[in-house]
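Engineer: below is the structure, and that's it, no one-letter string:
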């Protein structure tokens, strides 16, 4: 006969368990059989229920997170028990370096153990503190590993408890940005020769692990390479990656003597490259770029007037008096200079010369000359040498940004001397024969005639002199005197000599 005992299945991890089956009292005999004659043996029999269950502790977590700039950020990992484990148990765990290391203070080591009470679905957490910093670095990782099972009770075999999904990797996301800030561009004089260095400084604000490179360019503004204002310097800066590190960019500005507007060029920071260990170049920014450098004009130009001369005026038409204005150095874009022709002893009112107040225009070339012509009117008037002046005046018409105060004049005024080339003749006429008369006096009249004008007039002496007639014999009255001419052409003056009658 068989006895069947039903054992209930479960998923609980537990020790092997036993129960017994025992035979007991005999009964139900028939026909007078003595029950005492029936005995039992081999009783009890033990049934051993072998544990056939396994428990698994599964690790999850490792969600990528930003590290933060300061303090700590908790990265939480969860260990989950799938089925019951009678009496509970412990699981060791470790936090292990990946690219993140405790030596570099990336995270706080946390090796320990978890204690499970043994309930199905039970969770325990492992917290790893990640240290915040401002270092630009690649995303870094560390691992959390589940280890040995221990601490089981009541005969539960630790081998029946396994771990899964271990290790879990914690990814520390770089959340830092570095900025390279450009400064410089201080206005400076360019100088007249050689070169002047303009220095710009690129400053890194926070550390960047492994360093990097950054390109830069020097770019035309109103100053241009084509005009030889500065020397192009497109190149690359290399940063070791230290917080506060500086690198310099030097641009050479060429000196010249040209009068020009203050000019500018730009220095621009460009693309980031050369990062190491997985650092994203996009995490390195630039600021205050471009920087604009101002080349301050320190030059001046002089327009010098020359041409003082003495020339004959001529009798008819005009004579050109030429004066020259010379520019000593280049002036960008050119300019105008006013000039005047001004009375001195020669006057426009007297028609000595033709007034010529105007402007000369310079293209702006070093050594350039412009001429001023004053026309002198010829005449036949006897007059003194006369003068007029030519004066340079205000500067105007300069190109945008060119300071007219940087352009001066010299040698002004220049004097034109009009040399008198005329002569006048006083012609005496009137030689006559008259009777003397017996009494009184008889006038003998002589005429002096001026053929050409004489400016301002003049006097001319005259004498009456003995011939065969004598003053001593009372033949005539002596008349030594002078004539005064106002200076008009054709003017006449008379001389009267009285003859005494006898």
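Structural biologist: That came through, no problem. None of these values were measured; they are calculated from a predicted model.

Engineer: just want the most central residue of this structure.
Structural biologist: Nearest residue to the geometric centre of the chain (C-alpha atoms, centre = their mean): residue 292, 0.7 Å.

Engineer: for residue 95, phi and psi?
Structural biologist: Per-residue torsions, residue 95: phi -110, psi 130 (degrees, to the nearest 10).

Engineer: what is the neighbour count of it?
Structural biologist: For residue 95, the neighbour count with other C-beta atoms under 10 Å is 24. For the C-beta atoms, the positions are set from N, CA and C on the backbone; glycine is no exception.

Engineer: report the beta-bridge partners for residue 66.
Structural biologist: Beta bridges link residue 66 to residue 173, judged by DSSP bridges.

Engineer: that one reaches residue 73, doesn't it?
Structural biologist: Yes: in this structure, residue 66 is within contact of residue 73 by C-beta atoms under 8 Å, at 7.1 Å.

Engineer: which residues of the stretch 101-250 of the chain fall in strands?
Structural biologist: Taking DSSP state E, counting those that start in this stretch as the criterion, the stretch 101-250 of the chain carries its strands at 112-116, 123-131, 140-150, 161-164, 168-173, 178-183, 188-189, 195-204, 212-220, 235-239, 246-254.

Engineer: which strands or helices does the first one pack on?
Structural biologist: Helices and strands in packing contact with strand 112-116 are listed as strand 89-97, strand 123-131; criterion 3 or more C-beta pairs under 8 Å, 6 or more residues apart in numbering; DSSP states H and E.

Engineer: could you dump the strands of the stretch 101-250 of the chain to a markdown table with distance to residue 313, mean pLDDT and mean neighbour count?
Structural biologist: A markdown table is the format used below for these (distance: least, C-beta to C-beta, whole Å; pLDDT from 0 to 100; neighbours: other C-beta atoms under 10 Å):
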| stretch | distance to residue 313 | mean pLDDT | mean neighbour count |
| --- | --- | --- | --- |
| strand 112-116 | 120 | 97 | 17 |
| strand 123-131 | 101 | 96 | 18 |
| strand 140-150 | 100 | 96 | 19 |
| strand 161-164 | 122 | 94 | 18 |
| strand 168-173 | 97 | 95 | 20 |
| strand 178-183 | 69 | 97 | 19 |
| strand 188-189 | 51 | 92 | 14 |
| strand 195-204 | 55 | 96 | 18 |
| strand 212-220 | 57 | 97 | 19 |
| strand 235-239 | 70 | 98 | 15 |
| strand 246-254 | 52 | 97 | 17 |
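
Engineer: which of those sits closest to residue 29?
Structural biologist: strand 161-164 (53.8 Å; C-beta to C-beta).

Engineer: partner strands of that closest one and their direction?
Structural biologist: Counting by DSSP bridges, strand 161-164 is paired with strand 55-60 (parallel).

Engineer: mean confidence (pLDDT) on the partner strand, please.
Structural biologist: Across strand 55-60, the average pLDDT comes to 94.

Engineer: which secondary element of this protein has the worst mean pLDDT?
Structural biologist: strand 45-49 (a mean of 82; mean pLDDT, DSSP states H and E).

Engineer: what residues sit buried inside stretch 449-464?
Structural biologist: Neighbour counts using 16 or more other C-beta atoms under 10 Å place 450, 452, 453, 454, 458, 462, 464 of stretch 449-464 among the buried residues.

Engineer: ok so, going back, okay if I get the helices and strands packed on strand 112-116 as CSV plus distance to residue 328?
Structural biologist: Shown next, in CSV, are the helices and strands packed on strand 112-116 (distance: least, C-beta to C-beta, whole Å):
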stretch, distance to residue 328
strand 89-97, 75
strand 123-131, 70
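
Engineer: and of those, who's closest to residue 185?
Structural biologist: So among the helices and strands packed on strand 112-116, strand 123-131 is nearest, using C-beta to C-beta, at 39.4 Å.

Engineer: could you say what helices and strands that closest one packs with?
Structural biologist: strand 72-81, strand 89-97, strand 112-116, strand 140-150, strand 168-173.

Engineer: to residue 500, which of the helices and strands packed on strand 112-116 lies closest?
Structural biologist: Between residue 500 and these, the shortest separation by C-beta to C-beta is 146.9 Å, and it involves strand 123-131.

Engineer: from the middle of its chain, how far away would the closest one be?
Structural biologist: Centroid separation between strand 123-131 and its chain, computed with C-alpha atoms, centre = their mean, to the nearest Å, is 52 Å.
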